[in-house]
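> when you get a sec, could you give me coordinates for this:
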Amino acid sequence: MTGAADSGPTGPASPGIVPLPGQRGQVTQTVVRQIQNMIRSGELAPGAALPPQRALARELGVSRAALREALSILDTLGMVRVEPARGTFVAAAEPGAPAPAGEGIGSWRFSARYTPQEVYQFRQLAESHAAGLAAIHAEQAELDRLRENLASFRDAVRGMDLVGSAQCDFEFHQMIMQFSGNRLLADLHRTYHGVLLESQRLPLARRSRLWEPVIEHERILKALEMHDPDGAGYYMRVHLSRAADRVGVRIETLA
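Down below sits the predicted model:
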């Protein structure tokens with residue numbers, strides 16, 4: 001969720017992993033983690049109202065713009081709910097508990113342009129093909145980067161760092177698009193990185209399923225290491241189908 005991406009799918013033209021852009025992005029991620037820690041520690045109880053934005057921004061030592069961005073991310077992750085004219089409240093459900101009925105999708109910032117279903121349909125088509133190509137073209141140094149990413153992903157999920165795990169998840173998929181050797185696929189992923197990252201921040205229908213994508217990434221990486229394009233494409237398709245299911249999105253599987 002980037003400020004630049006709010007109005008449409010934009011992204012940097014240069015290659016490389018795309019984080020939240022610039023200094024503001026780093027500040028926003030720090031604020032997200034601070035508020036997440038306040039929720040997990042019980043300082044902000046389930047159902048409690050957060051302080052007014054002006055006061056909370058002052059307490060955290062950040063701008064209101066960075067705070068608003070952080071709250072939007074937490075809203076998408078299902079950790080808080082933003083109610084216009086009322087304020088922001090901690091979500092009632094704890095990590096590992098079922099999300100309330102009807103809240104699987106959460107807030108979707110790109111609803112005027114694409115549905116989450118359309119995003120997952122695109123991802124399943126493009127990323128499964130990219131995984132097959134990456135199994136053919138990926139070099140040892142690139143496989144090493146994917147292993148490092150997987151290790152960071154495991155650590156983030158074990159630590160219940162939802163923001164960090166979403167970023168690791170996004171970077172794993174982005175690297176596979178890059179390592180496919182197809183520059184158009186890589187450029188598409190960079191161009192639409194705001195939309196794609198948001199799809200990986202949607203709250204799970206059951207947060208007890210947090211570990212599932214780690215196992216699925218392991219299977220994809222194993223196929224890449226074996227230079228098995230059919231296996232890599234298959235495991236990517238399965239992963240994205242299950243990822244969609246975990247956030248309550250149904251995508252058609254074509255024969």
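
> ok, now which ones touch residue 123?
Applying C-beta atoms under 8 Å, 6 or more residues apart in numbering to residue 123 gives the contacts 173, 196, 199, 240. Every C-beta, even on glycine, is put in place using the N, C-alpha and C of the backbone.

> and these, which two are furthest apart?
196 and 240 (11.2 Å; C-beta to C-beta).

> low-confidence stretches in the protein?
In the predicted model, the chain carries pLDDT under 70 at residues 1-25, 93-107, 203-207, 253-255.

> domain assignment for it?
Annotated domains of the chain cover 4-90, 116-246 [automatic domain parsing].

> ranking those domains by burial, who's on top?
domain 116-246 (a mean of 19; mean count of other C-beta atoms under 10 Å).

> next one: it to chain centre, how far?
In terms of C-alpha atoms, centre = their mean, to the nearest Å, the centre of domain 116-246 is set 10 Å apart from its chain centre.

> quick one: terminal-to-terminal distance for it?
Start to finish, the residues bounding domain 116-246 are 12 Å apart (C-alpha to C-alpha, to the nearest Å).

> ok, the closest residue to residue 145 other than its chain neighbours - contacts?
The shortest distance from residue 145 to any non-neighbouring residue, by C-beta to C-beta, 6 or more residues apart in numbering, is to residue 175 (6.2 Å). Contacts for residue 175 were tallied using C-beta under 8 Å, 6+ apart; they are 17, 142, 145-146, 149.

> same list, those, but as JSON lines with distance to residue 131 and secondary structure please.
Output for these, formatted as JSON lines (distance: C-beta to C-beta, whole Å; DSSP: H, G, I helix; E, B strand; the rest coil):
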{"residue": "17", "distance to residue 131": "17", "secondary structure": "coil"}
{"residue": "142", "distance to residue 131": "13", "secondary structure": "helix"}
{"residue": "145", "distance to residue 131": "15", "secondary structure": "helix"}
{"residue": "146", "distance to residue 131": "11", "secondary structure": "helix"}
{"residue": "149", "distance to residue 131": "14", "secondary structure": "helix"}
